[in-house]
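J.: Sequence first, then the predicted structure:
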Amino acid sequence: MSDHDQRFGLARRLSMPGPLLLDGGARLSPVDIGYETYGRLNADSSNAILICHALTGDQHVASAHPITGKPGWWTRMVGPGRPIDPERHFIICANVLGSCMGSTGPASTDPATGQPWGMRFPVITIRDMVRAQAMLVDQLGIGQLSAVIGGSMGGMQVIEWAATYPDRVRSAVIIASAARHSAQNIAFHEVGRQAIMADPKWRNGDYYADGDAPAAGLAVARMAAHITYLSEAGLTEKFGRRLQARDAKSFGFDADFQVESYLRHQGISFVERFDANSYLYITRAMDYFDVAEPHGGLLANAFKGTRTRFCVVSFDTDWLYPTSESRVIVHGLNAAGAAVSFVELSSPFGHDAFLLEVPELFRVVDGFLRAGEA
Amino acid sequence: MSQLRPDLAIIAEHVANGSRVLDIGCGDGELMAELRDQHRVDARGIEIDPTNVSAAVARGLSVVQGDADTDLGNYPDQAFDYAILSQTLQTTRAPDKVLEELLRIGRRAFVSFPNFAYWRVRWSLMWGGRMPVTSALPVSWYETENIHQLTIDDFRAFVAERGIAVEDAWFLNGAKRTSAAAANFRAEHAVFLLRR
C-alpha cells in the first residue's frame, strides 16, 4: 500500500452514499465513518485486526484524543511490543455508528432537512454498527480480518461480527462482555437516559443550534454509569470515606467525600467530549442487543458451523458484565463446536479492568493472537 | 518432544493422529500441546485453575476455564473422538456422572487415576495407621483435592456394572509399566481406554 493512500493513517473519515439498511427498517444515508489505522496492510491482506470500542470510546485507540489530548484509550494493548503491534498488524479502529467522533450519528446533518438529525435519527443496533464497519473494511480492501477484538460494548460487536460475517473473522476476542443485555444492564442505562431527558436543556434532542447542550443530565448519566465500571473494593481502596480537601464534614451538600468529588469530575469532563443524544442512541443499541434472539433464543445457532477461533475473558470483580455472562457465551460456543478459550482473570478494578494494567490479559491475548497467525 | 507425565505419555501414544480430543482437567495444556504438535490433533481443554488456563491459552491452545462437574453438559453428543480425564476423576464431586458425560461427549474416553490399593498405600494405612502420602498421592488428607479415592478393582467393577467396554488398560509403577495381573496391588497409576 502507498504511504500517500488517504485511506490509511490517523484521523481518517470515509463518506459513503449508503443507504445502509438498518435493523429497525430505516435506510440511512449518507454514512460517514471516522476511523484510524496503524501499521501496514501486508501483501495478502492477512494481518488486519479490527478493534471495537466501548460505549463512550472512539477510534483514537492508540493516538491522542483530539479534544482532551489524553493518550489513546488502549495503549496498554496496542502499540510497539504490545499484543496488537503495528509492526506486525494492520490495525483498524472505527468510531461506531451513532457516536459523535466522526461517524454518522444524531449530531450529523439530516440531508432531508439540512438540520442535525437529533431524535429523528433512526434507532440503531449493535449489528448496524457492525454492518457499517464491514462497509469500511470493504473500502480498505480487506476480505477477512485476522482478528476482531473488543471489550464491553466492543465485545458485543465482536460477537455480532462472528455471527453476521463468520467467514470474515479468523479470530475473535471478547473481553468483559455479554451476548445480551440483562435487565440490570438495561435498568442502569435507563437511569442515564432519564437523567439526560430530564435536563430542560435537552429539548427533545434539539439543542445543537445554540450549542447549549444538556450537560448536567449527561454528567449525571456518566456518574451513574461510572459507578458500574468500578468494583466496591476498588472504590473503598481508592477513596474509602476520606474527605475532599477538608478536615470535617460541612453539614451541607458540597462534595465532602473524595468519591463525590471524583464522580463529579468524571461527569463534568465527559460532557466536553460526548454528545448527549449519542449517549441515548448507543445505550439503546446495547439494550436491544441479544445475539440469540434471532436464532430461536439458542446462542449456539448463531455460531453453527463457525470456523472462527474465540477467546473470551472476564474479570472476577466485574459486576456489570459478570463472569456468568461470559460463561453463557462460552457454553453457546461449545454447543456449536467452536474452538473457544475462556479465562476469568483476577483484578481489583471491576469492569474497567479491560482498559487497565492486567498483565495476564496481555499474555492471554498475545498468545491467542499469535497462535492464530501461525 | 517434551517429557510427558507417564500416564499422559501412554494416552498421547494411543490417540489416533488427526482426531478431535477434549482434555478435561488439562492443566497448563502439556498433553494438548503434545497432541497438537506431534499428532495433528484438534485438541480442546477444560481446566479449573485460572493460572493454568492462562498459560494454556498463551501457548495457543483452546482451553476453557471450567469444572468437570458443571461444564460438560453443553457439549453435543459424540462431539469428540476422545474425551480425556487424567488424574481428575477422584477430584470430582460426582465421578459417576462425569464418566457418563465423558462417554456421551467422546466416542472413547481415556481415564487415568491413582490407585488407592497400591501396596505402599495399603502399607501406610495398615502399619502406619495414617492416610498415605506417596508420590502419586503427595498431599496431606486436609489439603488433598482427591475427595473420591478409588482402587483399580473399584473402577473395573464400576465400568462392568454400567456395561462400559474396556478397550485397553495400562498400569504404572512410577514411570514403569506393570502387568494387569495383580495391578490392584502393584500399580500406582492406571490408565483405561473406555467405550460405550
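T.: That came through fine. Numbering: from 1, shown residues only, chains lettered A, B, ... in the order given.
J.: C-alpha from now on. contacts and neighbour counts both.
T.: Will do.
J.: Average pLDDT for stretch A:193-203, rounded please.
T.: Taken as a whole, stretch A:193-203 carries a mean pLDDT of 98.
J.: Run through who's touching it.
T.: Applying C-alpha atoms under 8 Å, 6 or more residues apart in numbering or on different chains, the contact partners of stretch A:193-203 are A:204, A:207, A:212-214, A:216-218, A:220-221, A:276, A:279-280.
J.: Pull up the residues of chain A that are close to chain B.
T.: Applying C-alpha under 8 Å from any C-alpha of the partner chain, one finds that chain A approaches chain B through A:330-332, A:334-337, A:339-345, A:360, A:363-372.
J.: Among the contacts of stretch A:193-203, name the buried ones.
T.: Among the contacts of stretch A:193-203, those scoring as buried are A:207, A:213-214, A:216-218, A:220-221, A:276, A:279-280 (criterion: 16 or more other C-alpha atoms under 10 Å in any protein chain shown).
J.: ok, those vs A:R7, which is closest?
T.: Closest approach to A:R7 among the buried ones among the contacts of stretch A:193-203 (C-alpha to C-alpha): A:Y279, at 28.0 Å.
J.: What helices and strands are in contact with the host helix or strand of B:R104?
T.: Here B:R104 is covered by helix B:95-105, with elements defined by DSSP states H and E. In terms of contacts (3 or more C-alpha pairs under 8 Å, 6 or more residues apart in numbering or on different chains; DSSP states H and E), helix B:95-105 is packed against strand B:80-86.
J.: Could you tell me which residues of chain B lie near chain A?
T.: Going by C-alpha under 8 Å from any C-alpha, the residues of chain B near chain A are B:44, B:50, B:53-55, B:57-65, B:71, B:74-76, B:79.
J.: Mind checking which of the residues you listed land in helices?
T.: Among the residues of chain B next to chain A, DSSP state H puts B:50, B:53-55, B:57-58 in helices.
J.: Need those residues in JSON lines (columns: pLDDT).
T.: Formatted as JSON lines, those follow (pLDDT from 0 to 100):
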{"residue": "B:P50", "pLDDT": "93"}
{"residue": "B:V53", "pLDDT": "95"}
{"residue": "B:S54", "pLDDT": "92"}
{"residue": "B:A55", "pLDDT": "93"}
{"residue": "B:V57", "pLDDT": "93"}
{"residue": "B:A58", "pLDDT": "88"}
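J.: ranges for the strands of chain B?
T.: Remark: strands assigned in chain B by DSSP state E are B:20-24, B:42-47, B:62-65, B:80-86, B:106-114, B:165-173, B:176-178, B:189-195.
J.: Chain A now?
T.: Under DSSP E, chain A gives strands at A:12-16, A:20-21, A:27-28, A:31-38, A:48-52, A:90-94, A:145-151, A:169-175, A:309-315, A:339-345.
J.: Any chance of CSV for those, columns distance to A:D5?
T.: Formatted as CSV, these follow (distance: least, C-alpha to C-alpha, whole Å):
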stretch, distance to A:D5
strand A:12-16, 11
strand A:20-21, 25
strand A:27-28, 27
strand A:31-38, 12
strand A:48-52, 16
strand A:90-94, 14
strand A:145-151, 20
strand A:169-175, 25
strand A:309-315, 32
strand A:339-345, 37
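J.: and which of the ones in helices among the residues of chain B next to chain A is nearest to B:W170?
T.: Closest to B:W170, out of all of these and judged by C-alpha to C-alpha, is B:V53, at 28.3 Å.
J.: Pretty sure the closest one sits against B:V64.
T.: Yes: using C-alpha atoms under 8 Å, B:V53 is in contact with B:V64, at 7.0 Å.
J.: what comes up buried for stretch A:129-144?
T.: Under 16+ other C-alpha under 10 Å, the buried positions of stretch A:129-144 are A:129-137, A:142-144.
J.: what sits against the residue nearest the centre of chain B?
T.: Nearest to the geometric centre of chain B sits B:S86, at 1.7 Å (C-alpha atoms, centre = their mean). Residues near B:S86 by C-alpha under 8 Å, 6+ apart: B:7-8, B:24-26, B:110-113.
J.: hmm, 10 Å instead?
T.: B:7-8, B:11, B:23-27, B:31, B:110-114, B:190-192 (C-alpha atoms under 10 Å, 6 or more residues apart in numbering or on different chains).
J.: Please work out which residue of chain A is closest to chain B.
T.: Closest to chain B within chain A is A:G367: 3.8 Å, counting by C-alpha to the nearest C-alpha.
J.: What about B:A68, how many residues nearby?
T.: Here the number of neighbours of B:A68 (other C-alpha atoms under 10 Å in any protein chain shown) works out to 25.
J.: give the contact list for it.
T.: Contact analysis of B:A68 by C-alpha under 10 Å, 6+ apart lists B:24-25, B:46-48, B:85, B:88-89, B:91-95, B:97-99, B:101-102.
J.: How about residue 121, nearest residue that isn't a chain neighbour?
T.: Going with chain A. A:P106 (5.3 Å; C-alpha to C-alpha, 6 or more residues apart in numbering or on different chains).
J.: should've been chain B
T.: Spatial nearest neighbour of B:V121, chain neighbours left out: B:P132 (5.4 Å); criterion: C-alpha to C-alpha, 6+ apart.
J.: what does B:I152 give?
T.: What sits nearest to B:I152 in space, not counting adjacent residues and going by C-alpha to C-alpha, 6+ apart, is B:N184, at 5.3 Å.
J.: Distance check, that neighbour against A:V191.
T.: B:N184 sits at a distance of 66 Å from A:V191 (criterion: C-alpha to C-alpha, to the nearest Å).
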